[in-house]
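Asks: pasting the sequence and the predicted model now:
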Amino acid sequence: MLLKKMKNMNNSKRYTSLHEHQQISIHEQTAVPSGHFPIYVGEELKRFAVPVAYLSSRWLKDLLNKFEDEIQGGQPIVLPCSVDAFEGVLNLVKAEKKKTSRL
């Protein structure tokens, strides 16, 4: 199911720029917890506070690389995929981290 969603991300809408009201709402968000960074996902721009440790995960790296042309330095990270697909990737990362912490 998740693989199908990830394949469909290629067909997702591309957000080359945010609408003015969306930019304001993103910049007005409160700070993320220490050790986390914000990612905004989907058309609704759902905000996730993602642990920095997740950046070492191949799942998150693959997802960020998929949309690297749309991620601009100095700007909030906005991923044009569904919230469900992103949550699926986060679940894979959590499972991966849990598995490696047991070793």
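Replies: Received the coordinates, thanks. Residues are numbered from 1 along each chain as shown.
Asks: CA atoms for contacts and neighbours, from now on please.
Replies: Noted.
Asks: low-confidence ranges in the protein?
Replies: Applying pLDDT under 70 to the chain flags the ranges 1-29, 103.
Asks: what about the helices in it?
Replies: 2-8, 20-27, 58-66, 83-102 (DSSP state H).
Asks: for stretch 77-91, how far is the first residue from the last?
Replies: 19 Å (CA to CA, to the nearest Å).
Asks: from the chain's centroid, how far away is it?
Replies: Mean-position distance between stretch 77-91 and its chain equals 5 Å (CA atoms, centre = their mean, to the nearest Å).
Asks: cool, and stretch 33-47?
Replies: 7 Å.
Asks: residue contacts, the residue positioned nearest the centre of the chain?
Replies: Taking CA atoms, centre = their mean, the centroid of the chain lies closest to residue 39, which sits 4.8 Å from it. By CA atoms under 8 Å, 6 or more residues apart in numbering, residue 39 lies in contact with 47, 48, 49, 50, 76, 77, 78, 79.
Asks: are any of those buried, and which?
Replies: 47, 48, 50, 77, 78, 79 (16 or more other CA atoms under 10 Å).
Asks: could you dump the residues you listed to CSV with distance to residue 64?
Replies: Formatted as CSV, these follow (distance: CA to CA, whole Å):
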residue, distance to residue 64
47, 15
48, 14
50, 13
77, 9
78, 10
79, 8
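Asks: what is the nearest of the contacts of residue 39 to residue 94?
Replies: Using CA to CA, residue 50 is the member of the contacts of residue 39 that sits closest to residue 94, with 10.8 Å.
Asks: who touches that closest one in this structure?
Replies: 36, 37, 38, 39.
Asks: any of those residues buried? List them.
Replies: Buried among the contacts of residue 50 (16+ other CA under 10 Å): 38, 39.
Asks: so which of the contacts of residue 50 are in strands?
Replies: 36, 37, 38, 39 (DSSP state E).
Asks: what is the burial count for residue 64?
Replies: Neighbours of residue 64 under the rule other CA atoms under 10 Å: 17.
Asks: before we move on, the earlier item: how about CSV for the ones in strands among the contacts of residue 50, with distance to residue 69 added?
Replies: Converted to CSV, those look like this (distance: CA to CA, whole Å):
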residue, distance to residue 69
36, 22
37, 19
38, 18
39, 15
